[in-house]
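**Q** Model the following, please.
(one chain, ligands or ions: 2)
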Amino acid sequence: MKILVTGGAGYIGSHTCVELVQAGHDIVVVDNFVNSSMEAIRRVRKLCGTEFPFEEIDLTDGPATDRLLEKYPVDVVMHFAGLKAVGESVQIPIEYYRNNLGSTLSLLSAMKKHGVKNFVFSSSATVYGADAPVPYKEDSPVSRITSSPYGNTKLMIEYILKDTVRAVPGFNAALLRYFNPVGAHESGEIGEDPSGIPNNLMPYIAKVAVGKLDKIHIFGNDYDTPDGTCLRDYIHVVDLAKGHVAALKKLEENCGVFVCNLGTGKATSVLEMVKAFSAACGKDLPYDFAPRREGDLPETWADPTYARETLGWTAEKGIKEMCEDVWRWQSRNPNGYRD
Ligand code: NAD
Ligand code: UD1
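**A** Residues are numbered from 1 along each chain as shown. Ligands and ions are numbered 1, 2, ... in the order given. Next up, the predicted model:
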């Protein structure tokens, strides 16, 4: 299939480009580098062994997005582009709504004009209601409103896509709800490259391991969990990327709306992750216990049954590989793509 990958220079998009090309698909990649760099595209091209087309475009620019789809007649739009920092979204909500909703609307308008009818969206487990019992299933209750503007953009875009499926004959939308993507490509060539001090656990641990930060702060050790720290469903980014390749099958089957969790079904505590990374990098990483972080849930993990049954997809890589691959990426690229 011919696939437009938006946000393809970013963390998850770049890994998905590699898997799409390896599975025999033709890709066109677009990004505006608001949170990434051209070096990621160069490395993806190297890993794929092909010079796929790349366009630097801000997808909130409607006419530019329209010209993009005119130039490249694709079968599918895989939409990774978006702003994703939860804390920042509370500070600058307008920018988050403008960028995340605006880019999606530009794409949908251009798709309508050019007859493109398949959309894959990077949604998040954050759309599930705080009261939903774990493990989350696709039919678990979704929040009326999430804990952040970032999460709300995910929820709103899910609704926009459901309405589009209802209104446009033949339109299909795969809403893929990611759990906690971590890891890096096993080559060590591409990985997560956050700017500034990371908000998320895995990149923070990696920066401590490489000596850029002093100590890991574990947010809360008094939760009602086996070791008192929060439980999450960490999924290797390459498994996640393969889940996107598998989801194309549903679009070909003319699925209408397809909602699917992409997680492993396994819960790992913060403390277990710190220990696993210490083993992977061969040194005991320093940590302390800090107060709970506002908005954190004690435990979230996926029920991955539906993905297995409908896509024939299951995550294969465990915590050890996630840590080893992040360490390979981080130790070879201590400054990320800026080296
Ligand atoms: P990322 O920031 O690494 O990648 C997003 C890419 O989109 C970046 O390269 C950025 O430059 C680009 N972009 C942003 N706005 C754009 C615009 N207006 N026009 C063109 N390009 C634009 O993030 P990621 O971790 O790869 O996440 C990809 C998607 O998955 C995002 O939509 C994110 O919300 C979603 N998601 C991520 C996680 C996670 O933990 N990383 C979890 C759930 C969902
Ligand atoms: C967060 C977001 C979620 C988003 C996801 C991916 C919140 C409340 N949730 O998920 O909406 O989809 O990132 O971007 O922000 N932790 C520490 N020390 C750290 C960092 C994290 O102890 O320095 C802990 C957290 O308290 C949490 C776990 O590690 O228990 C995982 O945190 P994180 O990687 O930020 O992911 P989530 O909070 O699950």
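**Q** Up against ligand 2, what does the protein have?
**A** Within the chain, the positions near ligand 2 by C-beta under 6 Å from any ligand atom are 84, 86, 124, 126, 151, 180, 199-201, 204, 217-219, 230, 232, 270, 293, 295-296. For every residue, glycine as well, the C-beta is placed using N, CA and C.
**Q** and the end-to-end length of stretch 75-89?
**A** According to C-alpha to C-alpha, to the nearest Å, stretch 75-89 extends 32 Å from its N-terminal end residue to its C-terminal end residue.
**Q** Then stretch 90-100?
**A** Looking at stretch 90-100, the gap from its leading to its trailing residue is 14 Å under the measure C-alpha to C-alpha.
**Q** Might you calculate how far that stretch sits from the centre of the chain?
**A** 18 Å (C-alpha atoms, centre = their mean, to the nearest Å).
**Q** Check what contacts it and list those residues.
**A** Identification of contacts with stretch 90-100 by C-beta atoms under 8 Å, 6 or more residues apart in numbering yields 34, 60, 82-83, 88-89, 148-150, 152-154, 157.
**Q** Which members of the residues you listed are classed as buried?
**A** Buried subset of these (neighbour count, 16 or more other C-beta atoms under 10 Å): 60, 82-83, 88-89, 148-150, 152-154, 157.
**Q** Just after the lengthiest helix in the chain, pick out the following helix or strand.
**A** Looking across the chain with DSSP state H, the single longest helix is helix 149-167. Per DSSP states H and E, helix 149-167 leads on to strand 172-178 as the next helix or strand towards the C-terminus.
**Q** mind checking how far stretch 67-84 is from the chain centre?
**A** The offset between the C-alpha centroid of stretch 67-84 and the centroid of the whole chain comes to 16 Å, using C-alpha atoms, centre = their mean.
**Q** correction: stretch 294-304
**A** Using C-alpha atoms, centre = their mean, the distance from the centre of stretch 294-304 to the centre of the chain it belongs to is 16 Å.
**Q** What of stretch 197-206?
**A** 15 Å.
**Q** For this protein, just list every one of the strands.
**A** The residue ranges that make up the strands of the chain, judged by DSSP state E, are 2-6, 26-31, 54-56, 76-79, 118-124, 172-178, 180-182, 216-219, 231-232, 234-236, 257-262, 268-269, 287-290.
**Q** Let's have the ones you listed in JSON lines, adding distance to S331.
**A** JSON lines is the format used below for the strands of the chain (distance: least, C-beta to C-beta, whole Å):
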{"stretch": "strand 2-6", "distance to S331": "28"}
{"stretch": "strand 26-31", "distance to S331": "26"}
{"stretch": "strand 54-56", "distance to S331": "28"}
{"stretch": "strand 76-79", "distance to S331": "30"}
{"stretch": "strand 118-124", "distance to S331": "28"}
{"stretch": "strand 172-178", "distance to S331": "26"}
{"stretch": "strand 180-182", "distance to S331": "16"}
{"stretch": "strand 216-219", "distance to S331": "17"}
{"stretch": "strand 231-232", "distance to S331": "24"}
{"stretch": "strand 234-236", "distance to S331": "18"}
{"stretch": "strand 257-262", "distance to S331": "27"}
{"stretch": "strand 268-269", "distance to S331": "22"}
{"stretch": "strand 287-290", "distance to S331": "19"}
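**Q** Output those strands as TSV; include the columns mean neighbour count, mean pLDDT and distance to ligand 1.
**A** What follows is the strands of the chain, written out as TSV (neighbours: other C-beta atoms under 10 Å; pLDDT from 0 to 100; distance: least, C-beta to the nearest ligand atom, whole Å):
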stretch	mean neighbour count	mean pLDDT	distance to ligand 1
strand 2-6	25	99	6
strand 26-31	24	98	5
strand 54-56	17	99	8
strand 76-79	26	99	7
strand 118-124	24	99	3
strand 172-178	23	98	4
strand 180-182	25	99	5
strand 216-219	18	98	16
strand 231-232	22	98	10
strand 234-236	26	99	9
strand 257-262	23	98	9
strand 268-269	20	98	15
strand 287-290	13	98	21
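**Q** who in the chain is up against ligand 1?
**A** So far as C-beta under 6 Å from any ligand atom goes, the chain lies against ligand 1 at 7, 9-13, 31-36, 58-60, 80-84, 99, 103, 122, 124, 178, 181.
**Q** let's go with 5 Å and repeat that
**A** Counting by C-beta under 5 Å from any ligand atom, the chain comes close to ligand 1 at 7, 9-12, 31-32, 34-36, 58-60, 80-82, 84, 103, 122, 124, 178, 181.
**Q** For I197, give its distance to N99.
**A** Separation of I197 from N99 (C-beta to C-beta, to the nearest Å): 22 Å.
**Q** For ligand 1, what is the nearest residue in the stretch 1-150 of the chain?
**A** Proximity to ligand 1, evaluated over the stretch 1-150 of the chain using C-beta to the nearest ligand atom, is greatest for G10 at 2.0 Å.
**Q** right, and that residue touches N35 too?
**A** Yes. In this structure G10 lies within contact range of N35 using C-beta atoms under 8 Å: 6.3 Å.
**Q** more crowded one of those two?
**A** For G10 and N35, the more surrounded residue by other C-beta atoms under 10 Å is G10, and the numbers stand at 24 against 18.
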